[in-house]
Structures are given as C-alpha cells and as structure tokens.
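Undergrad: this one's structure only:
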C-alpha cells in the first residue's frame with residue numbers, strides 16, 4: 001500500500017512535488033509523442049499516492065472531493081497536460097464504482113488503486129455515427145470490440161470498457177489490461193496532448209466477470225459527467241497557466257523589443273506598452289479561468305457525488321459547463337497570444353512553445369463547447385434542464 005494522502009493540503013503538496021518531477025521532461029515527451037511510452041513519468045504518477053484521493057472513506061480512501069481533484073489536476077497540467085489527462089478516466093471510474101459498484105468490485109478495484117494501480121478507459125469508438133455509437137458487445141460473458149481515444153489504457157492495470165449486452169443495454173466491464181485478447185496500440189498521431197497515447201484498444205473474445213449496469217447511472221440525477229468535465233476544465237486551466245508562465249519567462253529573459261518599440265524609447269520587450277497590454281489582458285483571463293474552475297469545484301463539493309434532485313444535478317453540470325467552455329477558449333488564446341507578445345524568435349522549434357497551443361487546441365475539442373453555451377442559455381432563458389449524460 002502507498003502512503004495515503006489524507007487531506008487537501010497533503011494532496012496539493014504531492015501534486016506540486018510530482019509536477020516538479022514532470023516539468024523538465026515535458027518538452028521531450030511532447031516531441032516523442034507515441035514513439036516513446038512515457039513510462040517513467042507514468043510510474044511517478046502511479047507512485048505519487050494521488051490516484052486514490054477520491055476513493056470514499058467508507059471504502060478505505062481519504063474521500064477527498066472535487067476541490068482537491070481540480071487543484072491537483074490543474075497543478076499537474078501546468079507541468080505536463082498530457083500526463084495530467086492520463087488519469088481523467090481513472091477518476092471517472094472511481095466515481096462510477098463508488099455509486100454503482102458492488103461491494104466486491106469496490107473492494108477489489110479500490111484496493112488495487114490504493115496500491116498504485118491505475119484504471120484506463122475504453123469508452124469511445126470510431127466508425128459509427130458518433131463516438132458513443134457502440135459496436136462493442138458482451139455476449140455469453142465474452143467481450144468483443146474496438147475502442148479509440150483510450151487515454152490511460154496502454155499502461156493501466158485495468159481497462160473499463162463500455163459495451164452493449166445481449167439485450168442491447170449499456171454496461172461497463174472492467175478487464176485486466178493483460179487479459180488474453182486485449183491489445184492496446186500506440187497509433188496516436190495528433191498535433192497535441194501527444195504523450196497521452198490514446199490509441200486503439202482491441203478486445204477479442206475477452207472473458208469478463210466484473211460488469212456494471214452503466215445505463216442506470218444516467219437514468220437518475222447524477223454528477224458523473226460534471227465531475228469528469230471538471231477534470232477536463234482543470235487541464236485547460238493548467239495549459240493556460242503554463243502558456244502564461246512561459247510567456248513571462250521568455251519576455252523577461254530572451255525576447256527582443258520590436259524596432260517600433262525601440263524607436264518609441266522602450267529598451268525591452270517587457271517595457272513595450274502593447275506587450276504589456278496583451279500580457280495584462282491575458283493574466284486577467286487566465287486568473288478568471290482559474291477562478292471559475294475553483295468555483296465549479298466548490299459547487300460540486302456542495303452537491304455531492306449523488307445529487308438530491310434533477311435541479312441540483314443541473315446546477316452542477318451547468319456550472320462546470322461554463323467553466324470548461326471558458327477555460328478552453330482561454331487556453332487556446334494563451335497559446336496563440338504567447339507568440340504575439342514574444343515575437344518571431346519564440347517560434348523556434350528549440351523552445352517548443354507551440355506545444356501549449358497544440359495541447360489546448362487538441363484537448364479543447366474533446367467535446368463541443370458550443371453545446372455547453374447552448375445548454376446554459378436554454379436553462380437561463382427557458383428553464384430547460386441540460387441532458388443527463390456524461391459530456392456535461
């Protein structure tokens with residue numbers, strides 16, 4: 001068993017410690033992409049004690065909530081957002097098990113997590129009408145199907161796989177990563193979040209015994225989707241903060257003033273009033289994104305994992321939706337504004353500063369922001385509750 005992190009402050013301290021370990025290798029992991037599995041970074045994550053922070057106290061964990069999870073994720077994402085995204089599905093699965101898992105399933109899987117083992121995901125698919133148009137099936141306790149966007153699955157101990165059972169009902173099967181018939185590929189070739197290696201997982205006649213009725217999770221008021229989206233929000237806020245940090249460092253140490261600035265009497269890029277305007281505007285927006293993240297996390301803490309009503313579930317979902325949409329836009333903006341402030345030399349590949357924009361652009365389209373704004377407006381203008389699914 002790893003040493004448990006029992007309090008918010010202990011978890012945040014551990015996150016800062018892990019972030020300091022991850023930061024020096026972030027550029028190389030971005031450059032390597034799926035050609036090199038980031039084994040050392042993921043081993044550090046698994047050994048940090050952070051994987052178990054949201055396991056309920058009744059199941060042997062510390063029972064820390066969304067406020068802690070959001071801040072831990074933001075800290076890690078500022079160091080390396082790809083590594084920070086790897087356990088996103090892991091924390092979702094802990095929530096699902098906490099609410100819908102049997103006592104035996106919780107004891108088995110939570111025990112593994114507290115020992116430093118990670119849960120991967122196999123939820124989305126390619127080739128259908130949309131990512132949740134599932135072709136994966138479980139028939140006679142055998143799992144067959146192909147998944148993509150399997151963040152964390154490659155190096156996990158368990159993979160949670162969504163499928164339809166023989167009756168066409170949505171279920172969630174937990175299968176060992178090393179089970180016969182399980183293959184996870186490194187066919188992940190994208191512009192950003194490259195070290196997540198969220199490629200193809202194939203399940204060929206895999207025996208399953210640990211299955212949850214997943215459909216029931218969305219037949220009642222729930223916060224599973226909101227809590228999962230909170231982690232995504234924290235990743236975006238972390239990317240935005242990292243871009244701002246690197247812009248500041250480059251402006252203070254390396255950037256030259258433009259010819260226009262010199263003619264106007266400014267001795268450095270940091271003294272250029274136009275650079276200062278852009279930087280000041282970006283600071284305010286990044287801080288606003290961080291504040292919205294913290295506010296959303298506080299709201300989810302108030303509501304709890306099992307909301308008391310559909311209205312409470314909607315309150316949590318919409319609060320996170322607003323924070324996620326805004327943080328995503330600010331992260332993309334920060335990754336671009338960095339170059340407007342720092343100048344052409346900052347675009348040299350040796351700095352790898354473009355990774356912030358690439359990471360933000362790739363991660364921000366995980367689910368469409370426009371629908372979040374649409375649901376927010378529908379609720380405010382017409383009292384329409386948001387849909388009860390896992391994407392909001």
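TA: Okay, I see it. Here the structure is a predicted model, which means the values were calculated and not measured.
Undergrad: and the residue of the chain most remote from its centre, how far from residue 230?
TA: In terms of distance from the mean C-alpha position of the chain, residue 263 ranks first, at 45.6 Å (CA atoms, centre = their mean). Distance of residue 263 to residue 230, computed by CB to CB, to the nearest Å: 48 Å. For the C-beta atoms, the positions are set from N, CA and C on the backbone; glycine is no exception.
Undergrad: quick one: end-to-end length of stretch 127-137, please.
TA: Stretch 127-137 has an end-to-end distance of 15 Å (CA to CA, to the nearest Å).
Undergrad: next: stretch 382-392.
TA: First-to-last residue span, stretch 382-392, CA to CA: 18 Å.
Undergrad: residue contacts, the residue farthest from the centre of the chain?
TA: Listed by CB atoms under 8 Å, 6 or more residues apart in numbering, residue 263 has no contact partners.
Undergrad: if I look at it, how far off is residue 272?
TA: For residue 263 relative to residue 272 (CB to CB), the value is 11 Å.
Undergrad: quick one: the strands in the stretch 151-300 of the chain, in order.
TA: Residue ranges of the strands in the stretch 151-300 of the chain, as given by DSSP state E, counting those that start in this stretch, are 158-164, 170-176, 182-184, 201-207, 211-212.
Undergrad: any idea which of those is most buried?
TA: Stretch with highest mean neighbour count among these: strand 158-164 (a mean of 24; mean count of other CB atoms under 10 Å).
Undergrad: for that strand, give me every contacting residue.
TA: Under CB under 8 Å, 6+ apart, the answer for strand 158-164 is 89, 93, 96, 109, 112, 117-123, 132, 134, 136-138, 143, 145, 147, 150, 153, 170-177, 182, 184, 201, 203, 214.
Undergrad: what angle do that strand and strand 170-176 make?
TA: Here the directions of strand 158-164 and strand 170-176 differ by 150 degrees (axes from the mean of the first three to the mean of the last three CA atoms, to 10 degrees).
Undergrad: tilt between strand 158-164 and strand 201-207?
TA: Using the same axes, to 10 degrees: strand 158-164 against strand 201-207 is 80 degrees.
Undergrad: quick check, distance from strand 158-164 to the centre of its chain.
TA: 18 Å (CA atoms, centre = their mean, to the nearest Å).
Undergrad: list the contacts for residue 82?
TA: By CB under 8 Å, 6+ apart, the contact set of residue 82 is 29-30, 38, 193-196, 359.
Undergrad: try residue 343
TA: By CB under 8 Å, 6+ apart, the neighbours of residue 343 are 255-256, 258, 269.
Undergrad: swap in 6 Å and give it another go.
TA: residue 255 (CB atoms under 6 Å, 6 or more residues apart in numbering).
Undergrad: same thing with residue 226?
TA: Residue 226 is in contact with 316-317, 320, counting by CB under 6 Å, 6+ apart.
Undergrad: for the residues you listed, pick the one with the most neighbours.
TA: Highest neighbour count within the contacts of residue 226: residue 317, with 33 neighbours (other CB atoms under 10 Å).
Undergrad: thought it was touching residue 387?
TA: No. In this structure, residue 317 is not within contact of residue 387 by CB atoms under 6 Å, at 8.7 Å.
Undergrad: find the nearest non-adjacent residue to residue 242, please.
TA: Distance criterion CB to CB, 6 or more residues apart in numbering; nearest residue to residue 242, sequence neighbours excluded, is residue 78 at 4.7 Å.
Undergrad: and that neighbour, how far is that from residue 327?
TA: 13 Å.
Undergrad: between these two, who's got more neighbours?
TA: A side-by-side neighbour count of residue 78 and residue 327, using other CB under 10 Å, places residue 327 first with 31 against 26.
Undergrad: give the next helix or strand downstream of the helix or strand hosting the more buried one.
TA: Using DSSP states H and E, residue 327 falls within helix 310-342. Counting by DSSP H and E, the next helix or strand C-terminal to helix 310-342 is helix 354-364.
Undergrad: name the residues that touch that next one?
TA: Under CB under 6 Å, 6+ apart, the answer for helix 354-364 is 30, 81, 190-193, 235, 239, 242-243, 328, 331-332, 335-336.
Undergrad: which of those residues count as buried?
TA: Buried by 16 or more other CB atoms under 10 Å: 30, 81, 192-193, 235, 239, 242-243, 328, 331-332, 335, out of the contacts of helix 354-364.
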